[in-house]
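# Provide a 3D model corresponding to the input given below.
(one chain, ligands or ions: 2)
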Amino acid sequence: MSKQILILPGDGIGPEIVAEAVKVLVCLRDDFGLALDIYEALLGGSAYDEHGHPLPEETLRLAHDCDAVLLGAVGGPKWEPLDISVRPEKGLLGLRSELGLFANLRPAILFPQLADASTLKPEVVSGLDILIVRELTGGIYFGRPRGVETLDSGERRGINTLVYTESEIERICRVAFDLAGKRSKRVCSVDKANVLECTELWREVATRVGTDYPDIELSHMYVDNAAMQLVRAPKQFDVVVTTNMFGDILSDCAAQLTGSIGMLPSASLNAEEKGMYEPIHGSAPDIAGRGVANPLAAILSVAMMLRYTLGEPVQADRVERAVAAALDQRLRTADIAAKGTETVGTARMGDAVVAALREIGD
Ligand code: IPM
Ligand code: MG
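Ligands and ions are numbered 1, 2, ... in the order given. Here you go, the predicted model:
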């Protein structure tokens, strides 16, 4: 039976980079016989412009019906003046929440070809292979009460709430332990247990879950230290599991270790392993429409889709090898350009990956 894929290009550079990822999907379908049906819908600012809402009914229905979603990015200055309830980001958060995508996997892997692209010394980052497991449907992003209220004095007060139930903590920790079992068997749980009761509970539950995984080494780290350790000695980490907001921040930090945020894909999975796949970078309005954005994070997100939702690990490997092959040809988008390489645009990079995919064969 065909797998149903929903494409949500989104805003800013989203449509440009997703177009390249779709070329990869189409190549897998047409040249390698993968049974795929591809649909497209609006999300974020582009959806607001058309329907007055960043997550239209039709998009949500298609997302529910499809096996996997590929998303570009949402947001941009055009929509910043809007009320927060209809801003593009709300569309993305709504989709994560409606589909129950609680487990966000953000691998930070350094392609050896890009050892010089990082702002850190090559010896600090070479061989880097970290997996950040970010809780995605709870925590301060969704906690109530929230909002801005006006006090009797007339002064306004902003409120957001950090909340986690034991079961929410337990299920994300289990995802991290299960994944660590297939890797170097180390999990570092990141919290702020010295200050926040909610993450004191997080630490307690992580420890309890850890007793079910005797072959996995569990460590705990405060988030401030984790941020420092990520830039000091990132290779000490294997799997990092953390809250929604800490994961948001630490994954941007980890991205820079790999040379560019333009290289990092992500998978957001629910309990049935249905997935939404998206580059972790944003909509980059400053370079949107110029054809210079790096499509590799979007293409690598397709590889994650093949691995985690479509049950096609061999094809996933092939896509990753095709990305490596394009880098071997010394092709670089502007964000990863270096001396001795050829700077190319979004489409040329996508085409190089597709050509390499064909060359690699079955
Ligand atoms: C991310 C992004 C989103 C987040 C924004 C766009 C809502 O920064 O996926 O990391 O904060 O989760
Ligand atoms: Mg982020």
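# hey, where'd the helices end up in this structure?
For the chain, applying DSSP state H gives helices covering 14-32, 45-51, 57-65, 88-98, 122-125, 166-181, 197-210, 223-232, 244-257, 296-308, 313-328, 346-360.
# what about the nearest residue in space to His64 that is not next to it in sequence, neighbour count?
Excluding the flanking residues, the one nearest His64 by C-beta to C-beta, 6 or more residues apart in numbering is Leu99, at 7.1 Å. Heads up, the C-betas are built off the backbone N, CA and C, glycines and all. Neighbour count for Leu99, taken as other C-beta atoms under 10 Å: 21.
# repeat for the one 10 residues further on
As a burial measure, Ile109 scores 18 neighbours (other C-beta under 10 Å).
# Now for the residue nearest to His64: which residues touch it?
Ala63, His64, Val69, Asn270, Lys274, Met276 (C-beta atoms under 8 Å, 6 or more residues apart in numbering).
# Looking at these, which gets the smallest pLDDT?
Minimum pLDDT across the contacts of Leu99 is recorded for Lys274, with 92.
# hang on, isn't it packed against Thr309?
Yes: contact criterion C-beta atoms under 8 Å: Lys274 and Thr309 qualify, at 6.5 Å.
# So which of those two has more stuff around it?
Per other C-beta under 10 Å, whichever of Lys274 and Thr309 has more neighbours is Thr309, with 22 against 19.
# mind checking pLDDT for the more buried one?
With respect to pLDDT, Thr309 scores 95.
# how close does it sit to Leu128?
Taking C-beta to C-beta, to the nearest Å as the measure, Thr309 falls 25 Å from Leu128.
# go on, Ile13?
25 Å.
# Those two - which one has more neighbours?
Just comparing Ile13 and Leu128: by other C-beta under 10 Å the higher neighbour count belongs to Ile13, 31 against 19.
# Could you pull up the contacting residues of Ile13?
Gly72, Ala73, Ser283, Ala284, Ile287, Ala288, Ala293, Thr346.
# Now a PyMOL select for only the buried ones of the residues you listed.
In PyMOL, this line selects whichever of these come out buried by 16 or more other C-beta atoms under 10 Å:
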select buried, resi 72+73+283+284+287+288+293+346
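# can you list the contacts of Ile13 in a markdown table and add distance to ligand 1 and pLDDT?
What follows is those, written out as a markdown table (distance: C-beta to the nearest ligand atom, whole Å; pLDDT from 0 to 100):
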| residue | distance to ligand 1 | pLDDT |
| --- | --- | --- |
| Gly72 | 11 | 98 |
| Ala73 | 7 | 98 |
| Ser283 | 8 | 97 |
| Ala284 | 12 | 97 |
| Ile287 | 17 | 98 |
| Ala288 | 15 | 97 |
| Ala293 | 16 | 98 |
| Thr346 | 20 | 98 |
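# Please name the nearest non-neighbouring residue to Gln315.
Using C-beta to C-beta, 6+ apart, the closest residue to Gln315 is Leu306 (4.7 Å).
# what pLDDT does the residue of the stretch 201-350 of the chain found nearest ligand 1 get?
Relative to ligand 1, the nearest point of the stretch 201-350 of the chain is Asp248 (4.5 Å; C-beta to the nearest ligand atom). What the model reports for Asp248 is a pLDDT of 96.
# Number of residues surrounding Ala180?
24.
# Hmm, Arg186 and it touching each other?
Yes: using C-beta under 8 Å, Ala180 is in contact with Arg186, at 6.2 Å.
# any common contacting residues for the two?
Listed as contacting both Ala180 and Arg186 by C-beta under 8 Å, 6+ apart are Ile216, Asp238, Val239.
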